[in-house]
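Undergrad: Got a sequence here, can you model it:
(2 chains, ligands or ions: 2)
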Amino acid sequence: MAILTLSINGTRRTVDVSPDTPLLWVLRDALGLTGTKFGCGQGLCGSCTVLINDKPVRSCVTTVGSIAGADILTIEGLSPTRSHPVQKAWIAEEVPQCGYCQPGQIMAAVALLKEKPHPSDAEIDDAMNGILCRCGTYRRIKKAVRRVAEEGGVR
Amino acid sequence: MKTQLNRREFIRVSAGVGGGLVLGVMIPAFDAYGELVEQKENEFVPNVWLRIARDGTVTILVARSEMGQGVRTALPMIVAEELDADWSKVRIEQAVASADYGSMGTGGSTSVRTSWDRLRKAGASARMMLLQAAAGVWGVKETECRTEAGAVIHKPTGRSLPYGDLVDAASKLKAPENPPLKDPKDFRIIGRKTPRTDTPEKVDGSAVFGIDVKVPGLLHAAVARCPVFGGKVVRYDDMKAKGIDGVKRVAQIDSGVAVIANSTWSAFQGRDALAVTFDEGSAASLSSETIATMLGEYATKKAAVAEKAGDVTSAMASAATKVSASFDAPFLAHATMEPMNTTAWVQKDRCEIWAPTQDPQGYRREAARLCALPEEKVIVHTTYLGGGFGRRWETDVLVEAVQCSKAAGVPVRVTWTREDDMRHDFYRPVSHHLLSGGLSAEGKLVAFTHRIVAPSITGQSSPERIKDGLDKGAVEGTVNLPYDIPNMQIEYVMANTPVPIGSWRSVYPSQNVFALECFIDELAGAAGKDPFEFRRALMLNRPRMLRVLELAAEKSGWGKPLPAGRYRGIAFSPPSFFRTPVAQVAEISIDNRSVRVHRVVCAIDCGIVINPDGLAVQMEGGVVYGLSAALKGEITLKRGRVEQGNFDDYPILTLEETPVVETYSVQSNEAPTGTGEPGLPAIAPAVANAVFQATGKRIRRLPIRLG
Ligand code: FES
Ligand code: FES
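TA: Ligands and ions are numbered 1, 2, ... in the order given. Got it, this is the predicted structure:
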């Protein structure tokens, strides 16, 4: 066990965990940030995607010890009023079904749109393809990403 | 602080007083957020389905489980319609498990169909009481009053009273027995595209799934189970497991050895550090090959006749052309995105459960049995479900959670890894199909047989319910065919195995319709007819079916030229137990010897459509789930073990591979039927039939693999 300080959603949080614990479980169990989801634990489904220094990362295969000092953004940190452009587009396109994969989808979309404000279809496919959705919301995800780009991006 | 009425207590107090004020005494309970919930008073509570507060807020109780299919929108829309509620003032609450709601089981695409009458009456009776209350306040005749969007209006004077102002007056009235229901043409909520009520919570991480439930003092458990079905723990060594940081205790439970820790991760690590010796039992030699051989052998055994017409033997003998073929479909895992989990808190005289379950009443019954408590002492909270697809009917994970909480004496959540989920599922049954057809010289289908050889879900779980070897569920999708065939016989041979099986989105039609509809295409080919025209000719006496088939053909541009390299296939999914016919046309191409599906047109007749966008979503979901199975899904066994473990070896459809799905519904004023499953059965045969158009090769086995 070790005392680690993390910067999560703009706030410094201290946790006492073993440094080889996956970030996913630190977020969920130690910090109560359960928006980030466990889907496969092996970096295969993307449900656990969070942003680390603006890059999408699979938190289930990222040890908490490896990211000390980095800026971590989770679904809870997007907007207190669900008004982040990606959230607004997700609501407008009625993307979620069961909703379980959606935090990962949304975070991956945020990362994509931060990097490429006007992604091509191929770039959307490429960035989003690894985030699995068992309910089949994919087409709406694509539409929502395009909508964000059309409506002014994510800043 | 969130507030919530304790349903059971409320019912006990208010029953017989026709909707009096709530005087219930409540048992303290925690909600899914770990907050103490308290009772709210001074509301108009006409029945168990809704209540109205003084500020006009209408709370509608949803008794079915939200697993992505939109019940937390569609069901309240029905209540709100008949109540004439202001939809913007409606809030949704999940009902805790109770007999007061009738069946709460969420499966078989029944939620809307079986709630329709009941929810309409619940809304209508409350509306009548509010109307009477207003008439009383004004001292006018009821017939001079009407309602509109959350208020009663006095027609002659235009005066109006919002529902919230009528709470006290309405609470004194008796609920009418047979309230008048609206004429569907007056619907103003039903049939209108309505945003889902659960979407906001699902875009900011606040939606609480089973895996997210917070309860004070919660511990986490992972269970080591025998990799072979039916195996037992012989002994275990937990020295290493107990040395893992955070591990609190190790306990043997019915399904294996549980490691209970202060975090999920510690529980997983502790479980991996266990050394468990299992007696693998008799299933240890099972493999996919031995099962295939067995199904082949059973295919020649005596079959139970599920349905017959005419004299199939002589019709077949005298047919001008005879065609026969066999088809196979594999075991499939559900792979819900949220891994299996349940949280239980067993105390001396009560038990509280939080679960992403499709069967809260079954969970309650089972927990009561395990704790030797009366059911009234068991509270089951249904959380959001991160997918269900039939998997969450099963109580296996509930049993584990209850036993772990008993062992630890504190609240415990059992969480499965993806590998646990893949290897300990209740799989979609494997099946083998023998079909034959006889055509007259004019190419008319005069004789047809379909023999299904498959394990029986009912036969494996409750053998006493199988009479004369016939599982009626196992022939769903291929009995009551939409086709007029003068001589036909549908048969079933029960071929049970030690592999646990269960309901998997659309259940047996998921495979029976694959075999049936691929074979109908083969028959069309043998008759020299167009696959759509061939089906159409068999449906001429069934207008409801015909309309659906023709709608799909029309919207897909059936018969019109396609761009080079594109091919179409059509298939029809009979109404089956969900009572909803669907026709689909798939447009595909073959890239690099793999099938790419570009567009799927769905035509459906599900009666009155509650939420048009909700229907479209159900079709999109059914198609994608069905395409994962058609193109990729297969669970195989070796040495009694499931070989797949995660999404690398049990892949599912990705964004890039997902076609455009278009949904068209037949205009109808009939009561609604199911939509959760009917989008699935036709997709595999529609794609397989398109593959034949592209390659000239018949697909007779799922998943579709081009050599
Ligand atoms: S849970 Fe991390 S990629 Fe699946
Ligand atoms: S919405 Fe259910 S898994 Fe994506």
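Undergrad: Write out the residues of chain B neighbouring ligand 2.
TA: Contacts of chain B with ligand 2, taken as Cβ under 6 Å from any ligand atom, map to B:68, B:337, B:387. For glycine as for every other residue, the C-beta is placed from the backbone atoms N, C-alpha and C.
Undergrad: what about B:Ala221, distance to B:Val642?
TA: Separation of B:Ala221 from B:Val642 (Cβ to Cβ, to the nearest Å) stands at 22 Å.
Undergrad: possible to save the residues of chain B next to ligand 2 as TSV with secondary structure, pLDDT and distance to B:Phe647?
TA: Listed next are those as TSV, based on DSSP: H, G, I helix; E, B strand; the rest coil; pLDDT from 0 to 100; distance: Cβ to Cβ, whole Å:
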residue	secondary structure	pLDDT	distance to B:Phe647
B:Gly68	coil	94	18
B:Met337	coil	98	10
B:Gly387	coil	98	13
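Undergrad: Please list which of those also come close to chain A.
TA: B:68, B:337, B:387 (Cβ under 8 Å from any Cβ of the partner chain).
Undergrad: Now the closest residue to chain A within the stretch 101-250 of chain B: closest residue in space that isn't a chain neighbour?
TA: Minimum separation of the stretch 101-250 of chain B from chain A (Cβ to the nearest Cβ) falls at B:Gly205, amounting to 2.0 Å. Closest residue in space to B:Gly205, ignoring its immediate chain neighbours: A:Gly35 at 2.0 Å, by Cβ to Cβ, 6 or more residues apart in numbering or on different chains.
Undergrad: was I right about the one you found contacting B:Lys202?
TA: No - applying Cβ atoms under 8 Å as the test, A:Gly35 and B:Lys202 come out as separate, 10.0 Å apart.
Undergrad: Who has more neighbours out of those two?
TA: Of the pair A:Gly35 and B:Lys202, B:Lys202 is the one with more neighbours under other Cβ atoms under 10 Å in any protein chain shown, namely 27 against 24.
Undergrad: Secondary structure class of the residue nearest to that one when sequence neighbours are not counted, three-state.
TA: For B:Lys202, the nearest residue in space outside its immediate sequence neighbours is A:Gly99; the separation is 3.3 Å by Cβ to Cβ, 6+ apart. Classification of A:Gly99 into helix, strand or coil gives coil, according to DSSP: H, G, I helix; E, B strand; the rest coil.
Undergrad: what residues are up against A:Gly99?
TA: Under the criterion of Cβ atoms under 8 Å, 6 or more residues apart in numbering or on different chains, the contact list for A:Gly99 reads B:68, B:198, B:201-202, B:207, B:209, B:384, B:386.
Undergrad: I'd like those as JSON lines, with distance to B:Arg579 and secondary structure appended.
TA: Formatted as JSON lines, the entries for the contacts of A:Gly99 read as follows, by distance: Cβ to Cβ, whole Å; DSSP: H, G, I helix; E, B strand; the rest coil:
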{"residue": "B:Gly68", "distance to B:Arg579": "21", "secondary structure": "coil"}
{"residue": "B:Asp198", "distance to B:Arg579": "26", "secondary structure": "coil"}
{"residue": "B:Glu201", "distance to B:Arg579": "31", "secondary structure": "helix"}
{"residue": "B:Lys202", "distance to B:Arg579": "29", "secondary structure": "helix"}
{"residue": "B:Ala207", "distance to B:Arg579": "31", "secondary structure": "coil"}
{"residue": "B:Phe209", "distance to B:Arg579": "30", "secondary structure": "strand"}
{"residue": "B:Tyr384", "distance to B:Arg579": "27", "secondary structure": "strand"}
{"residue": "B:Gly386", "distance to B:Arg579": "28", "secondary structure": "coil"}
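Undergrad: So for stretch B:61-73, what gets flagged as buried?
TA: Within stretch B:61-73, the residues scored as buried using 16 or more other Cβ atoms under 10 Å in any protein chain shown are B:61-73.
Undergrad: What ranges in the stretch 401-550 of chain B fall below the confidence cut-off?
TA: Of all residues in the stretch 401-550 of chain B, none has pLDDT under 70.
Undergrad: can you give me the strands for it?
TA: Listed from the start of the chain, the stretch 401-550 of chain B has strands (DSSP state E, counting those that start in this stretch) covering B:412-415, B:431-439, B:445-454, B:487-494.
Undergrad: cool, the stretch 601-707 of chain B as well?
TA: According to DSSP E, counting those that start in this stretch, the strands that the stretch 601-707 of chain B contains are B:637-638, B:641-642, B:660-665.
Undergrad: Tell me the residues of chain A that contact ligand 2?
TA: In this structure, chain A approaches ligand 2 at residues A:96-102, A:133-135, A:137, judged by Cβ under 6 Å from any ligand atom.
Undergrad: can I assume B:Thr382 is in contact with B:Met67?
TA: No - between B:Thr382 and B:Met67 there is no contact under Cβ under 8 Å: 9.9 Å.
Undergrad: list residues touching both of those two?
TA: Residues within reach of B:Thr382 and of B:Met67 at once, by Cβ under 8 Å, 6+ apart, are B:Pro356.
Undergrad: related to what we said a few turns ago, just flag the most distant two among the buried residues of stretch B:61-73.
TA: Greatest spatial distance in the buried residues of stretch B:61-73: B:Leu61 and B:Gly68, 19.7 Å, computed using Cβ to Cβ.
Undergrad: thinking again about what came up before, how about the strands of the stretch 401-550 of chain B in TSV, adding distance to chain A and mean neighbour count?
TA: Formatted as TSV, the entries for the strands of the stretch 401-550 of chain B read as follows, by distance: least, Cβ to the nearest Cβ, whole Å; neighbours: other Cβ atoms under 10 Å in any protein chain shown:
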stretch	distance to chain A	mean neighbour count
strand B:412-415	8	28
strand B:431-439	22	23
strand B:445-454	24	26
strand B:487-494	30	23
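Undergrad: Who are the contact partners of the residue in chain A that chain B sits nearest to?
TA: Of the residues in chain A, the one nearest chain B is A:Gly35, at a distance of 2.0 Å by Cβ to the nearest Cβ. A:Gly35 sits next to A:74-76, A:103, B:204-206 when contact means Cβ under 8 Å, 6+ apart.
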